[in-house]
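S.K.: Below are the sequence and a predicted model; questions follow.
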Amino acid sequence: NGERVLDWTEMEPVVMMHGEINPEKTCVVRVHDQCFTSEVLGSQRCDCKEQLDMALAYIQQESGLVIYMPQEGRGIGLANKIAAYELQDTGLDTVDANRHLGFEDDERSYECVPAILQDLGIQSVKLVTNNPYKISQLTASGVRIEHTIRSLVPPNKHNE
């Protein structure tokens, strides 16, 4: 089975903020999970880099923040993600490959997000996401989501 997954208390998220944050207004927030393979190595198996770039451009225009979470590969880590890629090359989808490696469907944790928002004085958010799991996890942890902004990027031939 795979290596140990980090507990949320062991993570070091990074907050990238642009503009003035007004605690009395709803803040645009993207909670983005690290994707070394696309953001650094240029893999086109996913649209993570494009989603990150879109979120950064959006907060440049509208003010807001991106919380960059060190949770590679749905929280399974880089080495396990590469192993999952190998299984995907044999026909498994992402979830089945992760299960084959001994992981749950999604190992990510968003437990630190409410504390980050509280430290910044943010009471409610416009969440930039396409992910229902992330919405439910953030809501369950106490984040007040006023509405979501879809992060739609066109697919490429490698991730359709």
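M.R.: Received it, and whenever you're ready, just let me know what you need. These numbers were taken from a predicted model, which means no experiment stands behind them. Residues are numbered from 1 along each chain as shown.
S.K.: Count the neighbours of E72 for me.
M.R.: 22 (other Cβ atoms under 10 Å). Backbone N, C-alpha and C define where each C-beta goes, glycine included.
S.K.: What does the pLDDT read for it?
M.R.: pLDDT for E72: 86.
S.K.: For I82, see how far away it is.
M.R.: Counting by Cβ to Cβ, to the nearest Å, the separation of E72 from I82 is 10 Å.
S.K.: Mutual contacts of those two, please.
M.R.: In terms of Cβ atoms under 8 Å, 6 or more residues apart in numbering, E72 and I82 are both contacted by the residues T37.
S.K.: tell me which strands and helices the worst-scoring helix or strand of the chain on mean pLDDT is in contact with?
M.R.: Counting by mean pLDDT, DSSP states H and E, the weakest-scoring helix or strand in the chain turns out to be helix 72-75, with a mean of 85. When contacts are defined as 3 or more Cβ pairs under 8 Å, 6 or more residues apart in numbering; DSSP states H and E, helix 72-75 packs onto strand 27-33, helix 78-88, helix 94-100.
S.K.: The helix or strand that the last one is followed by - what's its average pLDDT?
M.R.: Elements were assigned by DSSP states H and E; along the chain past helix 94-100, the next helix or strand is helix 113-119. Throughout helix 113-119, pLDDT has a mean value of 95.
S.K.: repeat for stretch 130-150
M.R.: Here stretch 130-150 scores 94 as its mean pLDDT.
S.K.: Endpoint to endpoint, that stretch covers what distance?
M.R.: In terms of Cα to Cα, to the nearest Å, the two terminal residues of stretch 130-150 are separated by 5 Å.
S.K.: Just the CA atoms of the longest helix along the chain, as CSV, please.
M.R.: Ranked by number of residues, the top helix in the chain under DSSP state H is helix 48-62. Extracted in CSV, the C-alpha atoms of helix 48-62 (Å, rounded to 0.1, in the frame of the first residue of the first chain):
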residue,chain,number,x,y,z
CYS,A,48,-5.2,21.9,-12.3
LYS,A,49,-2.6,24.4,-13.7
GLU,A,50,-5.3,26.0,-15.8
GLN,A,51,-7.7,26.3,-12.9
LEU,A,52,-4.9,27.8,-10.7
ASP,A,53,-4.0,30.3,-13.4
MET,A,54,-7.7,31.2,-13.8
ALA,A,55,-8.2,31.7,-10.1
LEU,A,56,-5.1,33.9,-9.8
ALA,A,57,-6.2,36.0,-12.7
TYR,A,58,-9.7,36.3,-11.3
ILE,A,59,-8.5,37.6,-7.9
GLN,A,60,-6.2,40.1,-9.7
GLN,A,61,-9.4,41.6,-11.1
GLU,A,62,-11.9,41.1,-8.3
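S.K.: No further queries at this time; thank you.
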